[in-house]
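**Q** next come a sequence and a model predicted from it.
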Amino acid sequence: MRYLPLTHTDRRAMLDVIGAPDVDALFVDVPQEARLAGPIEGLPHHASELAVERHMRSLAARNTAAGDVPFFLGAGAYRHHIPASVDHIIQRGEFLTAYTPYQPEIAQGTLQMLFEFQTQVARLYGCAVANASMYDGSTACWEAVSMAARVTKKRRAVLSGGLHPHYVKVVETMAKFTGDEIAGNALKLEPGCDENVLIAQIDADTSCVVVQYPDILGRLPDLARIAEAAKAHKALLIAVNTEPVALGACVSPGEMGADIVVGEGQALGVGLQFGGPYLGLFAVRDPKHVRQMPGRLCGETVDAEGRRGFVLTLSTREQHIRREKATSNICTNSGLCALAFSVHMTLLGEQGLRMLAAENHRLACRAAARLAALPGVRVLNDSFFNEFTVVLDGYDAREVVRALAEQQVLAGVSLGRLYPDQQTLAEGLIIAVTETTTEDDIEALASSLAGVLA
Amino acid sequence: MNAPNKSGWKPVAPVSDAGAFGGPPTSTGNRALMLEEPLIFDIGTAGTTGVDLPQADPAEPNRLGAFARKAPINLPGLSEPETVRHYTRLSRQNYAIDLGLFPLGSCTMKHNPRLNEKVARMPGFADLHPLAPATTTQGALAVIYELAEWLKTLTGMPAVAMSPKAGAHGELCGVLAIRAALTARGDARRVILCPESAHGTNPATAAFAGYEVEDIPANADGRVDFEALKARLGPDVAAVMITNPNTCGLFERDFKRIADAVHEAGALVYCDGANFNAIVGRVRPGDLGVDAMHINLHKTFSTPHGGGGPGSGPVVFSEALAPFAPLPFVEKLADGTFHLVEEETAGEHHAQSFGRMTAFHGQMGMFTRALTYILSHGADGLRQVAEDAVLNANYVLRSLEDVLDAPFADAGPCMHEALFSDSGFGGGLSTLDLAKGLIDEGFHPMTVYFPLVVHGAMLVEPTETESKASLDQFIAALRSVAERARAGDESLKQAPYYAPRRRLDETAAARKPVLAWNDPNLT
């Protein structure tokens, strides 16, 4: 077996050192009836690299890669071009095969990268401090709700109807067990967001208001108005962002007064990967909230010779020190995805991110204009960045997506896919456009859509 | 100091005088190949970029409404050559499995096969959207299904939830399923019992899920005190969470008896599967009475640790808990196609699911790697994994027990990790000093000060992917540092001397946190 270096001679010699007659003697503490006599039956035995690769390649071939067809899916996961050097760097063994930096003297590479990453995220979000990452946007969202309850000592969270429905489900699932009260709102197919509804729902018992920006339909809610109302009731505004590239063109949530900003960082460096691993981003605007944050934090310090260095810090918030009193049970986070994000962001820089955002927006506007010209298609949004919603009058968008998939066009995410039980949303189709979308792709979508709707 | 170990191997390189490189200081702070690297904020500028994109045309239409960004973000950029050099130089300040043995106990730092990386990057897996129509993702759903089948068979458990994102997330999944099952039968039990030796995530998870946590004491041979546990069981106890093999590196001999007693008292058994590597292919947790167990794919099934994740923590379930597993999951239909069960269809035959733990279907990129790893090993290879992992750990234990106190070694063999204590160290030296001395010898230290039940604990997990020669080098190095610790060698207190950094001031870092570049310090 190519991954196991011990030879039979080695094993014999080692057993002699140990003083054991055979390897079975090392499993003496396992009750006899629980010991398996040989390899588990009915399972294949070891296979060559060639054979395994062939099998996996055959499975991969049964999927339609996004890059092979006109592709318009978003709704929380976005396809962007990842510069070749990103993947090269994350495959360096010193990053790929390192552990969590518990011994900082020999983990400065990971630690300095995390410090840079935290700073990049904080600036992008308009916040003071970001942590070293969470699992993904949806779990970061729940952690933010949980943190808001700790900060405000209140337990009622108000959720915008524009929050990704899977994020809503994650929050509702957790709240069911913790006893937090969740005031949800139904998504409506309207050009504008539900700021007024949310503001009316904030009361003295409210711990936080959770608003996605841009929201699930691609609309841009006015966070500043909601922040003001939240502040008046000593509640926190949690802004959720699932497309970080948007913040290259749009005002950051922190600038508009969001207290906690969380999101999905997958769009930069990480790739689609059928939903994971992704990258949870978590930041706070006011540094005084740092000690209530979940997850790992990397901080600057000096070594015994006075040289700048980095360590994991404020770990008295964490499970390995505080056990049942920790701010979260999170341990492993998304270190390598954070590296991919950070390398991509470093390659972009301010100028690159702004150009990337502008190109996304230009193509999205182009696509929206093209689709709006089709009979029976209406662009819903007042405002959008690189994702917008069209209403297909009289059609169930799920059926349309299926029909277009058969024509090798991945047209977008139907609202029926996300809200199967809400008939009023069935005509909605969310369309994402990025720099990877070509004019030909837009034309292919428009013409095939026209064909299906005809 | 260069004494040969029992195998006769002797280090060939001379041991340097502690504390000095022996040469004059350099003007750069660099030491030949050991290169200092500034922050991107020191070297990058907002006007530099390593990508080529079209210049924005202000005449283009704008649909941002009132939300167009006005203020700068202040993100530095680097060209591609500068970027590659920056991160390459940073990477060289890291220790990694690719560089040497990484004996972190309970972390299972084994070799990460490169085929796994290649497979995960196949466009059919990597460039696939989680919400794409199921007709276009059949191969991906097949991967999830196939891996799920392997995990069920290897553990002897009837069901598995694939979506949890890491070990601790898997623990949470297991505990929520337990709570949902108890709630469904109208049973409002409030307490979860955890051994003192448990990973910190266990009590944190139980508390996060709304339970009170109580410790179970260990007995003198490093295992759960069965009588104490049994005495505590009662109508208020919802579950016990036990790691097996445990964090002392020992198999819980009484596990089945414990599970039977727990079930008899109406509670459920959570097994922390972090140490599954010791028994994979040789023992099925399902045969021991487990109700839920998470499997760290990044440990046993060798998906890379990546400097702190991403991990992946599928949870296997007993029949009692299977109906409460979270959404989504993959089903195979009669016609051989695969189908994703989500909220929409769950109502029909999975109405008791406790809900959803994450936005999409779990760590797909880890599933492809883990399945590749499993298929490479097969049932026979996985069994050999456990055997060699246990053999290597016992070899380390018996090769060092004369210089390091091994509190449970007299009672018999260990499993996949060997536990030592700081008993016998002279001159006020600590486990931390020994760990830092090991860094100078070119090895990553073992897990230190965990488990909490042993004073100055050192937990060594070599894993099965180390050769005998590699183990012999490590044993010789650890022996030499252990002998210095016993002799009270003061120079260890300042170690490491040869790492990219000397000891870092963690107290100052916590007292006045600087968590972002150029940001006002917190008070």
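**A** Received, thanks. Numbering: from 1, shown residues only, chains lettered A, B, ... in the order given.
**Q** and A:E243, how far from A:G67?
**A** Distance, A:E243 to A:G67, by C-beta to C-beta, to the nearest Å: 19 Å. Using the backbone N, CA and C atoms, a C-beta is placed for each residue, glycine as well.
**Q** between these two, point out the one with more neighbours.
**A** A:E243 (30 against 14; other C-beta atoms under 10 Å in any protein chain shown).
**Q** quick check: B:H169 touching B:P310?
**A** No. Using C-beta atoms under 8 Å, B:H169 is not in contact with B:P310, being 10.7 Å away.
**Q** mutual contacts of these two, please.
**A** A:Y135 (C-beta atoms under 8 Å, 6 or more residues apart in numbering or on different chains).
**Q** not counting sequence-adjacent ones, nearest residue to whichever residue of the stretch 201-350 of chain A sits closest to chain B?
**A** Proximity to chain B, evaluated over the stretch 201-350 of chain A using C-beta to the nearest C-beta, is greatest for A:G349 at 1.5 Å. Using C-beta to C-beta, 6 or more residues apart in numbering or on different chains and skipping the chain neighbours, the partner closest in space to A:G349 is B:G77 (1.5 Å).
**Q** mind pulling up the pLDDT for that neighbour?
**A** pLDDT, B:G77: 97.
**Q** contact partners for residue 90?
**A** All of this is about chain A. A:96, A:269, A:336, A:339-340, A:343, B:306.
**Q** that answer is for a different chain, and I need it for chain B
**A** Contacts of B:L90 by C-beta under 8 Å, 6+ apart are A:108-109, A:112-113, B:37.
**Q** and the residue of the stretch 201-350 of chain A closest to chain B, how many neighbours?
**A** With other C-beta under 10 Å as criterion, A:G349 counts 26.
**Q** what's the spacing between B:A188 and B:G174?
**A** 19 Å.
**Q** higher neighbour count, those two?
**A** B:G174 (33 against 10).
**Q** name all residues that make contact with that one.
**A** B:270, B:292-294, B:315, B:317, B:321.
**Q** please, where are all the strands along the chain?
**A** Because you didn't say which chain, this covers chain A. Under the criterion DSSP state E, chain A contains strands at A:129-130, A:156-159, A:181-183, A:206-212, A:236-241, A:260-264, A:280-284, A:297-302, A:308-313, A:377-379, A:387-392, A:413-414, A:428-432.
**Q** actually chain B
**A** Under DSSP E, chain B gives strands at B:159-161, B:191-195, B:212-216, B:237-243, B:268-272, B:292-294, B:315-317, B:329-332, B:338-341, B:418-420, B:447-448, B:458-460.
**Q** any chance of these in a markdown table, with mean pLDDT, mean neighbour count and distance to A:M134 too?
**A** A markdown table is the format used below for the strands of chain B (pLDDT from 0 to 100; neighbours: other C-beta atoms under 10 Å in any protein chain shown; distance: least, C-beta to C-beta, whole Å):
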| stretch | mean pLDDT | mean neighbour count | distance to A:M134 |
| --- | --- | --- | --- |
| strand B:159-161 | 97 | 24 | 19 |
| strand B:191-195 | 95 | 25 | 24 |
| strand B:212-216 | 94 | 17 | 23 |
| strand B:237-243 | 96 | 25 | 23 |
| strand B:268-272 | 97 | 28 | 21 |
| strand B:292-294 | 98 | 31 | 18 |
| strand B:315-317 | 98 | 30 | 19 |
| strand B:329-332 | 94 | 18 | 23 |
| strand B:338-341 | 93 | 18 | 24 |
| strand B:418-420 | 98 | 31 | 32 |
| strand B:447-448 | 96 | 22 | 24 |
| strand B:458-460 | 98 | 26 | 27 |
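**Q** which one of those strands lies nearest to chain A?
**A** With C-beta to the nearest C-beta as the yardstick, what comes closest out of the strands of chain B is strand B:212-216 (4.3 Å).
**Q** and the gap between A:Y419 and chain B?
**A** 9 Å (C-beta to the nearest C-beta, to the nearest Å).
**Q** contact partners for that residue?
**A** A:165, A:187, A:425 are the contacts of A:Y419 under C-beta under 8 Å, 6+ apart.
**Q** any idea of the pLDDT on it?
**A** At A:Y419, pLDDT is 95.
**Q** A:D16 too?
**A** 98.
**Q** my guess is A:V302 meets A:G309, correct?
**A** Yes. A:V302 is in contact with A:G309 according to C-beta under 8 Å; the separation is 6.4 Å.
**Q** next, show the common contact partners of these two.
**A** B:L504.
**Q** out of the two, which sits in the more crowded spot?
**A** A:G309 (25 against 15).
**Q** got the contact list for the more buried one?
**A** Counting by C-beta under 8 Å, 6+ apart, A:G309 has contacts A:104, A:108, A:111, A:300-303, B:501, B:504.
**Q** which among these end up buried?
**A** Buried members of those, scored by 16 or more other C-beta atoms under 10 Å in any protein chain shown, are A:104, A:108, A:111, A:300-301, A:303, B:501, B:504.
**Q** from the residues you listed, pick the one nearest A:V129.
**A** Distances from A:V129 to the buried ones among the contacts of A:G309, taken as C-beta to C-beta, are shortest for A:E300 (12.4 Å).
**Q** name the residues linked to that closest one by a beta bridge.
**A** A:F310 (DSSP bridges).
**Q** A:R378 reaches A:F388, doesn't it?
**A** No. Using C-beta under 8 Å, A:R378 makes no contact with A:F388, being 10.8 Å away.
**Q** could you identify the most distant pair in the contacts of A:I90?
**A** Among the contacts of A:I90, A:L96 and A:G269 lie farthest apart (C-beta to C-beta), at 14.2 Å.
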